[in-house]
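[1] Sequence and computational prediction follow.
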Amino acid sequence: MKEKQNYFTRRSFLKSGVLLTAGISAGRMYPFNATVTNRRQISSDEDALYAAFSNPPATAKPFVRWWWNGDKLTSAEIVRELDVMREAGIGGVEINPIAFPGGDDLGIPSMPWLSDEWIGMVKVALQAAEERGIICDIIVGSGWPFGAEILEGDDRSQLITLASQKIQGPGKVKIDLAKIKESAKPRIGSPWKGMDIDIYELCIAPVKMDKVVKPKWLKIDTGRSEIEIDAPAGEHILYTLVKVTGFQAVINGAPGAAGPVLNHYSKSATEKFLNRMSDKLFPQLSGLKGFRAMFCDSMELEGANWCPDYLEEFQRRRGYDLKPYLPYVLYKVGHMGHIDRTGDITQLSGKAQEEVSRVRYDFFTTCMQIITDRFLITYTQWCNRHGFKSRMQPYGNEFHPLEASLNIDIPECETWMWRNTVNDRSVRDFVNSPGYTNINKFVASATALAGKKIVSCEESTNTDLVFNMTLEQLKVNGDQSNLSGVNHSILHGFNYSPPETPFPGWIRYGMFLNDRNTWWPYFRQWAAYKTRLSVVLQESSPFADVALLHPLADMWTIHGPQRDPFPGLHYPAYQYKVWEGIHKNGNSCDYTSENIIRQSSVENGCLTYGKRAYGTLILMEVESMEPATARMIAKFVAGGGKLIFIAKEPYKSPGLKNFKSRDKEVAAAFSALKKAYPQRIFTVEAPEGKGENIVEWFGKVQRQCGIKPYMQIDNPTKAVSQIRTQSAGRDVFFLSNASSDEAYKLKVAFPDSKGKPWRWDAETGERYPLTTLADGQLEIDLQPSESQLIVFDTNIFPVTLQARLPEPAETAGLELHDWTLRLEHIDGSEKTISIPAPFDLASDEATVAFAGRLYYEKQLPASVADYNWLDLGRVHGVSEVYIDGVKIGNRWYGRHRYRLPRDSGGKQLQIKVTTTVGNYLKSSPKNEIGQRWTRGQKFAPVGIAGPIKVK
């Protein structure tokens, strides 16, 4: 079946969508029966933050990753898609050339990266974007990580890995070097076919070792495929150190920017790669506004750990020779750089285990320092030299999860759209499976510490619910991004796809953002909400009263760095839940690091770094710490600060050199501190397991340690979290309910906030005062998937409010039965059925494949005159309600409740519901693109599940 052409016309888009400047969606309901009259122009001098909230700039609008699929480009389609995005409320694009995802390419040839034709298309995009007020970023190269066909030799990524086996002596042992090379080949997801595998060294080491024994290095002819060695008496481990160069291919690289990955440990290789783009492209941009930022995507370096001068750099930075420890420190490399623990290795115990673990820490931190100096800093300097900002996702095995972001102008993290299965349906459970990744809080904290403005996020990365993601899920996922510290969304993403391609078009990844999506006419309502929320968060300063130190040194010493944002392990198991417990109990925190602590000062009882000040420092099972860090913490406590140990306390230092004396310094510092200031130092039990009780746990910590929350919540819950920002003396609070099913009524006090609370409605741009209870508390009613922006202000603004309507009782009301249901399918077909009550269409074989518009119709009984509200119950999709053909509103998330006009009795009711398209594509076995993305999904719920009531 064919897709119905022009299913959503430009006229219907403009009719159904909501212009940001227009403010109010027809379906928006105030908690008051209110006429809000403060729509006057607010001068920037009078109220700068509200002026920005009322009329946000393009910099606050959501951006999209604009995949130029296969670089199969035409100037007309580039301009058309920019028009589509502008009308939808998108404020910026990240031009992202990427490999063609498959499907009918319409015979359009690919334009190689940096070719004259490709540069011409970039110029078209820049010119058209500038004319439309759209901001442009561009990825450097294509795909990820950086790389290209032109890279050769040591300019390509390198790693030292190993193969190991037991041998028995005395006697001759034959070694098959070709087989060893094959076994040592890294098992990665994107191997480069032209990798070079060389035998670096062979050595013999003990099978067991309780004190370090230097390995016996063998002199061999590494050019032979098979060798013979003399094995000494007894059983031993034969280690073969293997150097692999050019082992990784760019993931999804477009023509001209595919090939082997760059050696990020080489400054000269980095500069050569970057200068190729700046030399070729930038001179052609004369007269154009150009780009805001250059982008660097995921740093998935698959375990790269080497450069030609690594041993010399290690000696210089650590002060000792690494080579005697190499066979004990290195490991086989598995997927995404994770440690492959297969094979025979020396079993370490006692002093040997401690010494090697300390060297391993030094090895990993040296890797981080080299890549920071030679790639991160070089990259930002290159961007700035050409007048652009650097934007980057600076995390992975080779990066400090917090400190790497300090070197980037616009650090970026990522929030994912996961899939959960409930009652055999593919859904999202944001309460138990939040969308933000573990790296978000690191990146946001670093941005605040560095005093930077923008925390960027690759938002709603979607490989699980492609074609079935709803606008409600997009909202809650984005709200969770904001709770983790994000203030700007880069949606993942918008596929370059000509409209004449067979449905659903060219799909590289993502949430199916384009004008062929059924819910696209309503996308602008989400964009308006997101833009207003973003501008408030961008133009105010995030608040934190607690600093949280992770046990990174211990984790790296014992297990090695983890591949963020998807680590192989959490250390401890609840590691990334602690910040959630802090925020859900009415405090806020930043992550910190030892370097940050050492560079801090103590002012007014707070650990102060730049403009950040923390009265409480929590050490999360930290055992290893540099002596200088311990000394600064001692100053902090002596100056009035509060120190909390979770389960453990520091007693040693990381790294090898002079560790015995440094261990004593750390232990002595904390021993003396506890004796001198017992009233300011607390030890608390660790949370249970993986942090299942994290909300209750931190509430107990607050009481035990005297931590005063700035937001006192009567009944903290797992589903509701909050953040606090400040602007010009005002406190701003953002609260969000992650549950799509449950509402929460909270009584909240704000003891530190001055002025009166106002609700700033991010959907409409309006504000109105909130009424406090007799005891000064606010009663906050958070409906499913709802969020609220509450601003305390000492100013008074003109607002006219009528009497408040009572909320309808959940169980009260009259249920409406006997409906006519018209199904207008996206394939052009239509049918009408009679149903006694609404139901999930995915539960019936006759309707499970539906995608499009549903029309539920009936005549309202005369008794409706006794009710104020129409409640649709649970709705899976976007709803619109018409009475006698007159639209009374639409809802795209949360409770689908509508205020009934007073004369509704006896009139014709029509409820239109727009669904997702995933079930249709899952039911279309001949649709290759649709099947690729929906094969692993269950059917998603569709339509009104009800019950529909008047209340």
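    Looks like it came in fine.
[2] Show me where this protein dips below the pLDDT cut-off.
    By pLDDT under 70, the weakly predicted segments of the chain are 1-46, 800-807, 810-811.
[3] repeat that with 50
    For the chain, the stretches flagged by pLDDT under 50 are 1-46, 800-804.
[4] Look through it and tell me its longest helix.
    If each helix of the chain is counted by residues according to DSSP state H, the longest one is helix 350-371.
[5] Okay, buried residues for that helix please.
    Across helix 350-371, burial judged by 16 or more other C-beta atoms under 10 Å covers 352-368, 370-371. Where you see a C-beta, it was placed from the backbone N, CA and C, and this is true even at glycine.
[6] name the helices or strands packed onto that helix?
    Counting contacts by 3 or more C-beta pairs under 8 Å, 6 or more residues apart in numbering; DSSP states H and E, helix 350-371 is packed against helix 310-318, helix 326-329, helix 552-558.
[7] quick one: contacts of it?
    Residues from elsewhere that reach helix 350-371, judged by C-beta atoms under 8 Å, 6 or more residues apart in numbering: 209-213, 264-265, 305, 307, 310, 313-314, 317-318, 322, 325, 328-329, 348, 398-400, 404, 553, 556-558, 560-561, 654-657, 659.
[8] now the helices: where do they sit in the stretch 501-650 of the chain?
    For the stretch 501-650 of the chain, applying DSSP state H, counting those that start in this stretch gives helices covering 523-538, 552-558, 578-584, 594-598, 627-638.
[9] Repeat that for the stretch 101-250 of the chain.
    Going by DSSP H, counting those that start in this stretch, the stretch 101-250 of the chain shows helices at 116-131, 177-184.
[10] How far off centre is the last one?
    Just to be clear, that refers to helix 177-184. Put simply, helix 177-184 sits 38 Å off its chain's centre (C-alpha atoms, centre = their mean, to the nearest Å).
[11] What are the buried residues along that helix?
    Result for helix 177-184 [16+ other C-beta under 10 Å]: buried residues Leu177, Ile180, Lys181, Ser183, Ala184.
[12] I'd like the residues you listed written out as a markdown table, with distance to Val333 added.
    As requested, the buried residues of helix 177-184 are exported to a markdown table (distance: C-beta to C-beta, whole Å):
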| residue | distance to Val333 |
| --- | --- |
| Leu177 | 19 |
| Ile180 | 15 |
| Lys181 | 14 |
| Ser183 | 12 |
| Ala184 | 9 |
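[13] which one of those is nearest Val140?
    The nearest member of the buried residues of helix 177-184 to Val140, counting by C-beta to C-beta, is Ala184 at 31.1 Å.
[14] so what's the closest one up against?
    Contacts for Ala184 were tallied using C-beta under 8 Å, 6+ apart; they are Thr161, Leu162, Ala163, Ile197, Thr240, Val242, Val244, Lys332.
[15] what's near enough to touch Ile229?
    Going by C-beta under 8 Å, 6+ apart, Ile229 touches Lys172, Val173, Ile175, Leu202, Ile204, Leu218, Ile220, Leu238.
[16] same question, Thr847
    Contacts here follow C-beta under 8 Å, 6+ apart; on that basis Thr847 touches Leu823, Leu841, Val942.
[17] any idea which element the first one lies in?
    Leu823 is part of strand 819-825, with elements assigned from DSSP states H and E.
[18] got the contact list for that strand?
    By C-beta under 8 Å, 6+ apart, strand 819-825 touches 4, 830-838, 847, 850-858, 920.
[19] Select only the buried ones of these in PyMOL?
    Applying 16+ other C-beta under 10 Å to those leaves a buried subset, and the PyMOL line that selects it is:
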select buried, resi 4+838+847+850+851+852+853+854+855+856+858+920
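[20] Which of the contacts of strand 819-825 fall in strands?
    Secondary structure from DSSP state E places 830-835, 852-858 of the contacts of strand 819-825 in strands.
[21] what's the closest of these to Asn432?
    Leu854 (29.8 Å).
[22] How much space separates the spatially most central residue of the chain from Lys219?
    Most central in the chain under C-alpha atoms, centre = their mean is Glu414, positioned 1.8 Å from the mean C-alpha point. Relative to Lys219, Glu414 is positioned 48 Å away (C-beta to C-beta, to the nearest Å).
[23] now Pro751
    For Pro751, the distance to Lys219 equals 74 Å [C-beta to C-beta].
[24] Neighbour count for these two, which is higher?
    Between Pro751 and Lys219, counted using other C-beta atoms under 10 Å, the more crowded position is Pro751 (11 against 8).
[25] Ile723 contacts Ser736, doesn't it?
    No. If you go by C-beta atoms under 8 Å, Ile723 and Ser736 don't touch, sitting 9.1 Å apart.
[26] any shared contact partners between the two?
    Here Ile723 and Ser736 have Asn482, Leu483 as joint contacts, going by C-beta under 8 Å, 6+ apart.
[27] So if I had to pick from these two, which one is more boxed in?
    Each of Ile723 and Ser736 has its neighbours counted (other C-beta under 10 Å); Ser736 has more, 24 against 21.
[28] tell me the angle of the host helix or strand of that one relative to helix 523-538?
    Following DSSP H and E, the helix or strand that holds Ser736 is strand 730-737. Using axes from the mean of the first three to the mean of the last three C-alpha atoms, to 10 degrees, the inter-axis angle of strand 730-737 relative to helix 523-538 is 140 degrees.
[29] Past strand 730-737, which element shows up next along the chain?
    Next element after strand 730-737 (DSSP H and E): strand 744-749.
[30] Reformat the helices and strands packed on helix 350-371 into TSV and put mean neighbour count and distance to Leu49 next to each item.
    Putting the helices and strands packed on helix 350-371 into TSV (neighbours: other C-beta atoms under 10 Å; distance: least, C-beta to C-beta, whole Å) gives the following:
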stretch	mean neighbour count	distance to Leu49
helix 310-318	16	46
helix 326-329	22	52
helix 552-558	22	36
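[31] Nothing else from me, thank you.
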